[in-house]
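Trainee: fold the following and give me the result.
(2 chains)
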Amino acid sequence: MSIFNLIRLALLALQRNKLRAFLTMLGIIIGVAAVIAMVAIGQGSKESIQTQLGNMGSNMVTILPSSNVAGGARMDASTIQTLTLPDVIALQKQATLLTAVSPVSSIKGQAIFGPFNWPTTLQGGNTDYFDIRKLSVADGIAYSESDVASAAKVCLLGKTVVDNLFPSGESPIGKVIRFNTIPLQVIGTLVPKGVSSFGQDQDDIIVAPYTTIQKRMLATIYLQNIIASAVSEEQSDAAVDQVTSILRETHRLRQGDDNNFTVRTMAELIKTLSSTTSLLTILLTAIAGISLIIGGIGIMNIMYVSVTERTREIGLRMSIGARGIDILLQFLVEAIIISITGGVIGVILGVSASTIITLTLGWPTLVSRSSIILSFMVCALTGVFFGYYPALKASRLDPIEALRYE
Amino acid sequence: MSKKILEIDNIRREFHMGTETVRALKGVSFTVNAGEFVTIMGSSGSGKTTLLNLLGCLDRPTAGDYLLDGTNVGKLTRNELAKVRNLKIGFVFQAYNLLPRTSALENVELPLFYNKNITTHQRREKAIRALEAVRLSDRLDHTPSQLSGGQQQRVAIARALVNEPVMILADEATGNLDTRTSYEIMALMQELNQQGKTIVFVTHEPDIAAFSNRTIMLRDGKVQRDAINENVRSAKDALASLPAADDY
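Mentor: Numbering: from 1, shown residues only, chains lettered A, B, ... in the order given. You can find the predicted model right below:
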């Protein structure tokens, strides 16, 4: 019997018991809808964490000075000064996996304007700094190359700093504030980034050329750290290796020497956070998967009932020439049609449920194509797996007994 | 008209029930030629049903040979038997065994679904022709529940005819019908026989046997009597002789 006829026959058989077919499907429908919605919630929250971290610069690579060994004792990182401008230049020239490199100097202190003052951090970089840290200018302009070269006394203010130094709401652009004792002209403000995932206020910051901080405040040739952007998040591990080998060379470290710097990436952090949401997704999927199995058992149950109920029909089919395999395929195709139809309805329901969740509860959801394909395939497999035994039972009936079955 | 359709030679069938052996058929032999209308009669327990199952290729004999249209059926596998049933035998059952909630046409088409060599178009055409042969061409789309008992049995006969079998095997085909409808069915059977169909009809009613050319009596697993019926009764005449308003 051709596959087309098998499908037609199965549809006819299902049509004879529409309500029962639907109720059988219901198990699969709920199972699939649950899997899709659960995975969508899991994926959605994972995605939202990743975008949040992405805003901080998910491909950011940070190079920190680290301990030199002095007389066997490792010294506190802050006292160690190993990173210098030649390192930055070397990275800019040689590191192919980095798109931007910026030296960083920073200093804590008191920002003062008129009667107001506010304790904050002054961060300095070159012109790439904004790009790497994913900062953008709200009002005014960013400092220029020549500002960096001349260690110009200019700065940009974060929102928290603006709120505290200019509580009346007047524009800070063009005003001159003091940081500790150094006067700085405000040339711009930064777009607020909010509180980071770690509870840190990302707007409590003043940004200035690093040369200004290095030369006018710290009076040092060393850098606090270097930040850079890897070409992509995926490439950041490779970028770490490249940075390490370049810096080992510029620092003239011999083989076997410890690195006197540390390279960190945002990707590591993302991995840690993602693993939590991945676990959540797995748990939700497992629960939904169980409901899919229960749906499958429902199919098996109904198929067994159907085989018993249609024993005479099976006997008749055998007497007019159906082989065992024909009967097996007939019932198997019926089970698969139930499960696949249930799967289709389930997918539609799952996708709409995810949309409704996003619209009403505001939870981020993400329906991935893979979850649809996967649950669809699981459905077909469920049909084959749970339909096979009842179908096998039907195909092994003795036609004589089946014909006389009451 | 002397081609042998059925050749049964000393056929035996034994069933093992635990430690006991039941001998249902104890050496049955007969031959049926093409174009014959044979009734097989016998009381309950005579081995009638066992013989029918063997003739219908639903079962295999314990010993002895069964040649159907030249094929030794006793040596075939389950699947080969299914093929023989599909191509060479048309079954008519006492309880009609039509698929419920399925149209007459689709019921008649059913055997052809299991024949790979028949296209959808041929299937439909053959089924319509078979239904025309049993004079039901105006009921193609009716489901069994919309048909009378006699009509249902006629659909079943059409189903038996549709694959152009070498033999129609009827099992108490009039058992569920009243006298008038039984005669109608027998008239149809006689008509088909006259067109050249070989018919083997299992029954326990002597009344029905009178319509056939030959009667084989089974008793206790053996052929008791195998006689040619000299004066075959015409079912059409019998129908005409029934009182006009017999529908009590």
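Trainee: what segments of the stretch 51-200 of chain A are strands?
Mentor: Per DSSP state E, counting those that start in this stretch, the stretch 51-200 of chain A carries strands over the ranges A:60-65, A:69-70, A:73-74, A:98-113, A:116-125, A:137-140, A:154-157, A:176-179, A:182-190.
Trainee: just want the angle from the last one to strand A:98-113.
Mentor: Strand A:182-190 and strand A:98-113 meet at an angle of 120 degrees, taking axes from the mean of the first three to the mean of the last three Cα atoms, to 10 degrees as the criterion.
Trainee: what's the closest of the strands of the stretch 51-200 of chain A to chain B?
Mentor: strand A:98-113 (64.4 Å; Cβ to the nearest Cβ). The C-beta positions use only the backbone N, C-alpha and C, and glycine is treated the same way.
Trainee: give me the buried positions along that closest one.
Mentor: A:98-107, A:109, A:111-113 (16 or more other Cβ atoms under 10 Å in any protein chain shown).
Trainee: what helices and strands are in contact with it?
Mentor: Counting contacts by 3 or more Cβ pairs under 8 Å, 6 or more residues apart in numbering or on different chains; DSSP states H and E, strand A:98-113 packs against helix A:85-94, strand A:116-125, helix A:129-132, helix A:159-165, strand A:176-179, helix A:210-211, strand A:225-230, helix A:236-250.
Trainee: and of these, who's closest to chain B?
Mentor: Per Cβ to the nearest Cβ, nearest to chain B of those: helix A:236-250, 59.3 Å.
Trainee: just the mean pLDDT for that closest one, thanks.
Mentor: Across helix A:236-250, pLDDT averages out at 87.
Trainee: now for that helix, which elements pack on it?
Mentor: Under the contact definition 3+ Cβ pairs under 8 Å, 6+ apart, helix A:236-250 sits against strand A:60-65, helix A:85-94, strand A:98-113, strand A:225-230, strand A:261-265, helix A:266-309.
Trainee: where does that helix sit relative to the chain's centre, distance-wise?
Mentor: 26 Å (Cα atoms, centre = their mean, to the nearest Å).
Trainee: how about it, which residues are buried there?
Mentor: Residues of helix A:236-250 classed as buried: A:236, A:239-240, A:242-244, A:246-248, A:250 (neighbour count, 16+ other Cβ under 10 Å).
Trainee: same question, stretch B:170-187
Mentor: B:170-177, B:181-187.
Trainee: for stretch A:370-380, same thing?
Mentor: A:371-372, A:375-376, A:378-379.
Trainee: which one of the residues you listed is nearest chain B?
Mentor: A:Cys379 (27.2 Å).
Trainee: which residues of the stretch 251-400 of chain A lie near chain B?
Mentor: A:312-313, A:315-326, A:399-400 (Cβ under 8 Å from any Cβ of the partner chain).
Trainee: of the residues you listed, just the buried ones, PyMOL syntax please.
Mentor: Entered in PyMOL, the line below selects the buried ones among those, by 16+ other Cβ under 10 Å:
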select buried, chain A and resi 312+313+315+316+317+318+319+320+321+322+323+324+326+399+400
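Trainee: closest one of the residues of the stretch 251-400 of chain A next to chain B to B:Arg219?
Mentor: A:Ile400 (21.9 Å; Cβ to Cβ).
Trainee: how about that closest one, phi and psi?
Mentor: phi -60, psi -50 (degrees, to the nearest 10).
Trainee: residues of the helix or strand hosting A:Thr341 that come out buried?
Mentor: Assessed by DSSP states H and E, A:Thr341 sits inside helix A:324-361. Neighbour-count burial for helix A:324-361 flags A:324, A:326-347, A:349-351, A:353-354, A:357-358 (criterion: 16+ other Cβ under 10 Å).
Trainee: give me the secondary structure label for the closest residue to B:Gly149 other than its chain neighbours.
Mentor: With sequence-adjacent residues excluded and distances taken as Cβ to Cβ, 6 or more residues apart in numbering or on different chains, B:Gly149 is closest to B:Leu177, at 5.5 Å. Judged by DSSP: H, G, I helix; E, B strand; the rest coil, the three-state class of B:Leu177 is coil.
Trainee: B:Val134 contacts B:Arg159, doesn't it?
Mentor: No - assessed by Cβ atoms under 8 Å, B:Val134 is found out of contact with B:Arg159, at 9.5 Å.
Trainee: so A:Leu91 versus A:Ser58, what's the distance?
Mentor: Going from A:Leu91 to A:Ser58 by Cβ to Cβ, to the nearest Å gives 19 Å.
Trainee: show me what residue of chain A gets nearest to chain B.
Mentor: Closest point on chain A to chain B, by Cβ to the nearest Cβ, is A:Gly321, at 2.3 Å.
Trainee: just checking, that residue touches B:Lys88?
Mentor: No - judged on Cβ under 8 Å, A:Gly321 makes no contact with B:Lys88 at a distance of 9.5 Å.
Trainee: show me where pLDDT drops low in chain B?
Mentor: Along chain B, segments meeting pLDDT under 70 span B:1-2, B:244-248.
Trainee: residues in contact with A:Ile213?
Mentor: Listed by Cβ atoms under 8 Å, 6 or more residues apart in numbering or on different chains, the contact partners of A:Ile213 are A:105-107, A:122-124.
Trainee: where does pLDDT dip in the stretch 1-150 of chain A?
Mentor: A:1, A:54, A:56-57, A:67-81.
Trainee: try 50
Mentor: Within the stretch 1-150 of chain A, the ranges that satisfy pLDDT under 50 run A:76-78.
Trainee: what parts of it come near chain B?
Mentor: Counting by Cβ under 8 Å from any Cβ, the stretch 1-150 of chain A sits next to chain B at A:1-2, A:5, A:9, A:12, A:15-16.
Trainee: JSON lines for those residues, including secondary structure?
Mentor: Formatted as JSON lines, the residues of the stretch 1-150 of chain A next to chain B follow (three-state DSSP):
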{"residue": "A:Met1", "secondary structure": "coil"}
{"residue": "A:Ser2", "secondary structure": "coil"}
{"residue": "A:Asn5", "secondary structure": "helix"}
{"residue": "A:Leu9", "secondary structure": "helix"}
{"residue": "A:Leu12", "secondary structure": "helix"}
{"residue": "A:Gln15", "secondary structure": "helix"}
{"residue": "A:Arg16", "secondary structure": "coil"}
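Trainee: give me the number of residues near B:Ser43?
Mentor: By the measure other Cβ atoms under 10 Å in any protein chain shown, the count of residues near B:Ser43 is 11.
Trainee: same check, this time on A:Val154
Mentor: Count around A:Val154 with other Cβ under 10 Å applied: 22.
Trainee: OK, contacts around the closest residue to it other than its chain neighbours?
Mentor: Distances taken as Cβ to Cβ, 6+ apart put A:Ile187 closest to A:Val154, at 4.8 Å, once the chain neighbours are dropped. By Cβ under 8 Å, 6+ apart, A:Ile187 lies in contact with A:140-143, A:154-156, A:173-174.
Trainee: which secondary structure element contains the residue of chain B found nearest chain A?
Mentor: Distance from chain A to each residue of chain B (Cβ to the nearest Cβ) is smallest for B:Asn86, at 2.3 Å. Here B:Asn86 is covered by helix B:78-88, with elements defined by DSSP H and E.
Trainee: and the angle for that helix with helix A:324-361?
Mentor: 100 degrees.
Trainee: can you point out the buried residues in helix B:78-88?
Mentor: B:81-88.
Trainee: what helices or strands is that helix leaning on?
Mentor: helix A:311-319, helix A:324-361.
Trainee: that helix to helix A:311-319, inter-axis angle?
Mentor: 80 degrees.
Trainee: following helix B:78-88, which helix or strand shows up next?
Mentor: Downstream of helix B:78-88 (by DSSP H and E), the next one is strand B:89-92.
Trainee: between helix B:78-88 and the next helix or strand along the chain from that following strand, find me the angle.
Mentor: Using DSSP H and E, the helix or strand that follows strand B:89-92 in sequence is helix B:104-113. Note on geometry: by the same axes, to 10 degrees, helix B:104-113 and helix B:78-88 are set 130 degrees apart in direction.
Trainee: brilliant, that's me finished.
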